[in-house]
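Novice: sequence? don't have it. structure:
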């Protein structure tokens, strides 16, 4: 058992956050979980009565010194995790994927929090050709999301100093069964299509390569960075990934598990410029990070949960679709308020209240 620490996790009810919170509690830590719950609270619902878990339903931008006093570490997972969602609202994405992170890191430093981890993404490498990407490789951001990650990294790492050790973890594409499932992640969407339609459609012939990592290994990377000495992680960037695979290779792995009746349909069109092969050698050497779950095992787990007749597909499991629904509700709520102000009565149907768009 590790020495108990107080750790604040933002985006704590999200896909990665809910898995991380459980891992921290299992190791005896006291966890403060912060989440706007825009995608619901199911990621933490079964932990509400846990004696070492304190849940705050709030936007990270509302955090103040009282929330961070006495913390040993902050793990910042809050933000728009969907590239499409970030592209649909660049200004909002900048607010939550860049400026909110910088503010929180500055606040953590001023409160004497020793460790801060920014969870970034390997998408910052963009199109890198066939060479493996190390943490010092050129970055070529192709989306607003990647640009915001890089801006946050550039502002936060220089905050390092005596008593404050910020670090960046660039995640590969995460997959695997989680408490708060997402169905719009690449591997998840492909497995679901194979199960429901017996078909997987590949854009650009599926030749683009990305780094992939199982959810449990992504969490293991975060835990390793929290446990490592401050001198090892301070002002450092680490790739947390595992297998570098093309879309076609992922489709082949799914087809191997489900059988030859699954048809893989490679479409042409413009090539996907996201093409990179992140190396996790640095994390392996300095953090002792050793991913254990290969893609085939991850696919088998997804087939089991997504193929179940009891598998729920709530709209919030697909980030962009849910954001559009929430925004529509917000517009309706605003109209209802204006209607009340003008006519002095509430319309017959008023949509449920919607929160701030800090998205996990």
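Specialist: That came through, no problem. Since the model is a prediction, treat every value here as computed from it, not as a measurement.
Novice: just to check, residue 120 is in contact with residue 169?
Specialist: Yes: the pair residue 120 / residue 169 is scored as a contact, 6.5 Å apart, by Cβ atoms under 8 Å. For the C-beta atoms, the positions are set from N, CA and C on the backbone; glycine is no exception.
Novice: what do those two both touch?
Specialist: Here residue 120 and residue 169 share the contacting residues residue 237, scored by Cβ atoms under 8 Å, 6 or more residues apart in numbering.
Novice: give me the low-pLDDT residue ranges for the stretch 251-360 of the chain?
Specialist: For the stretch 251-360 of the chain, the stretches flagged by pLDDT under 70 are 268-272, 309-360.
Novice: where does the prediction get shaky in the stretch 51-200 of the chain?
Specialist: 81-89, 93.
Novice: all the helices of it, in order from the start?
Specialist: For the stretch 51-200 of the chain, the helices defined by DSSP state H, counting those that start in this stretch cover 65-68, 83-88, 90-94, 100-110, 144-156, 186-197.
Novice: export these to TSV and tack on mean neighbour count and distance to residue 51?
Specialist: Listed next are the helices of the stretch 51-200 of the chain as TSV, based on neighbours: other Cβ atoms under 10 Å; distance: least, Cβ to Cβ, whole Å:
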stretch	mean neighbour count	distance to residue 51
helix 65-68	14	19
helix 83-88	19	35
helix 90-94	17	36
helix 100-110	20	25
helix 144-156	21	32
helix 186-197	19	33
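Novice: in TSV: those, plus distance to residue 216.
Specialist: Formatted as TSV, the helices of the stretch 51-200 of the chain follow (distance: least, Cβ to Cβ, whole Å):
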stretch	distance to residue 216
helix 65-68	28
helix 83-88	23
helix 90-94	28
helix 100-110	25
helix 144-156	23
helix 186-197	14
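Novice: residues touching the nearest residue to residue 152 once chain neighbours are set aside, list them.
Specialist: Computed as Cβ to Cβ, 6 or more residues apart in numbering, the closest residue to residue 152 that is not its neighbour in sequence is residue 101, at 4.4 Å. By Cβ under 8 Å, 6+ apart, the residues touching residue 101 are 76, 78, 79, 118, 152, 156.
Novice: as JSON lines, those with distance to residue 304 would be great.
Specialist: Formatted as JSON lines, these follow (distance: Cβ to Cβ, whole Å):
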{"residue": "76", "distance to residue 304": "32"}
{"residue": "78", "distance to residue 304": "30"}
{"residue": "79", "distance to residue 304": "30"}
{"residue": "118", "distance to residue 304": "33"}
{"residue": "152", "distance to residue 304": "36"}
{"residue": "156", "distance to residue 304": "39"}
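Novice: what about residue 297, which SS state?
Specialist: Three-state assignment for residue 297 (DSSP: H, G, I helix; E, B strand; the rest coil): helix.
Novice: and it, how many neighbours does it have?
Specialist: The tally of other residues near residue 297 (other Cβ atoms under 10 Å) stands at 14.
Novice: quick one: terminal-to-terminal distance for stretch 274-290?
Specialist: Start and end residues of stretch 274-290 are separated by 25 Å (Cα to Cα, to the nearest Å).
Novice: which outside residues touch that stretch?
Specialist: If you take Cβ under 8 Å, 6+ apart as the criterion, stretch 274-290 is touched by 122-123, 125-135, 142, 170, 172, 207-211, 220-221, 224-225, 228, 232-233, 236, 238-242, 244, 291.
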